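[1] from the sequence below, what's the structure:
(4 chains)
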Protein chains: 2
Amino acid sequence: MRRDIFQALADPTRRAILTLLALQPLTPNAVAAHFNSSRQAVSKHIKILTECQLLNARQDGREIFYYFNATKMKEADDWLQQFRALWEGRFENLDQILANNKSKKTS
Amino acid sequence: MRRDIFQALADPTRRAILTLLALQPLTPNAVAAHFNSSRQAVSKHIKILTECQLLNARQDGREIFYYFNATKMKEADDWLQQFRALWEGRFENLDQILANNKSKKTS
DNA sequence: AATATATGCAACTAATTGGTTGCGCAAAAT
DNA sequence: ATTTTGCGCAACCAATTAGTTGCATATATT
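    Okay, here's the model as predicted:
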């Protein structure tokens, strides 16, 4: 199933799962142990994250370890690229404002 | 009203609105003209984006211009920071893999 | 072989979402 | 003064979501 990566990132629990799995691959049970949610609820989140390839699954016996896929996450970063110049520019403006403010005080 | 910035970014129309308004401030009507959606639908999106401060409003007569707020968008970028090392590391690994591959060929 | 464990999947539910239509109000144009 | 324009807000609706409970299946453990 196709899925929008930003839509997957919308849920705070899913973001927490990503943060957790970025540190080390874990099974659904191990992930669920970190949250108040039930195993099934976490499993659903993992499914969504896997569907948009933010996670990859690797089965080992009856356990399935989920791996964070940084390459996919970079797509979010790429989208933000278009705005990056703006908040950097913002600081330039801030410098100017501060400079103006200073000159007012000293004048 | 409080609102999660990632939840606001989940909708593709809202992301398109942000891209548009990052170029220049516009009124809701002007924004709606760029999409197939009705003015009210766009207005709802703008409301959500304003609630999480990705947009700021500035009234001028009966018109309201909405401004993109880059500083707020940077929060998304900040959250991604935790993963940035990973996809950069990924490329380091890729370099190693390529290096190994090359040495195999030449050996 | 019998039991326990790890997981996915389907059905159901309450809450939220994205959209619509219709309204009211203030500012501009006639 | 009347009409038009720009906008927000509320009510409603269909679709989606996040969660639950209850299975079924496959792999370990005893």
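[2] ok, stretch A:55-73 near DNA strand C or not?
    Yes. For stretch A:55-73, a contact with DNA strand C is found by C-beta under 7 Å from any atom of the strand, at A:57, A:62, A:63, A:64. Any C-beta I mention is one placed from the backbone N, CA and C, and that applies to glycine too.
[3] is any part of that stretch close to DNA strand D?
    Yes. Using C-beta under 7 Å from any atom of the strand, stretch A:55-73 comes into contact with DNA strand D via A:60, A:61, A:62.
[4] most neighbours of all the residues you listed, which one?
    If you count neighbours using other C-beta atoms under 10 Å in any protein chain shown, the busiest of these is residue A:60, which has 9 neighbours.
[5] would you list every one of the helices in chain A?
    A:5-9, A:12-23, A:28-32, A:39-51, A:70-106 (DSSP state H).
[6] please identify the deepest-packed of the ones you listed.
    Of all the helices of chain A, helix A:5-9 carries the top mean neighbour count, a mean of 20, counting by mean count of other C-beta atoms under 10 Å in any protein chain shown.
[7] other SSEs contacting that one?
    helix A:12-23, helix A:39-51, helix A:70-106, helix B:5-9 (3 or more C-beta pairs under 8 Å, 6 or more residues apart in numbering or on different chains; DSSP states H and E).
[8] grab the nearest non-local neighbour of the residue nearest to the spatial centre of chain A.
    The centroid of chain A falls nearest to residue A:15 when counting by C-alpha atoms, centre = their mean (5.4 Å). Leaving aside its sequence neighbours, residue A:15 sits nearest to residue A:9 (C-beta to C-beta, 6 or more residues apart in numbering or on different chains; 6.1 Å).
[9] taking chain A, what residue is nearest to DNA strand D?
    Ranked by C-beta to the nearest atom of the strand, the top residue of chain A for proximity to DNA strand D is residue A:61, at 1.9 Å.
[10] that residue and chain B, how far apart?
    Noted for residue A:61: a distance of 26 Å to chain B, by C-beta to the nearest C-beta, to the nearest Å.
[11] what values do phi and psi take at that residue?
    Per-residue torsions, residue A:61: phi 70, psi -130 (degrees, to the nearest 10).
[12] coming back round to it: report the contact partners of the residue nearest to residue A:15.
    A:15, A:18, A:76, B:6, B:9, B:10 (C-beta atoms under 8 Å, 6 or more residues apart in numbering or on different chains).
[13] ok, and of those, which contact DNA strand C?
    Checking the contacts of residue A:9 against DNA strand C (C-beta under 7 Å from any atom of the strand), the matches are residue B:10.
[14] if anything else comes up later, I'll come back, but that's it for now.
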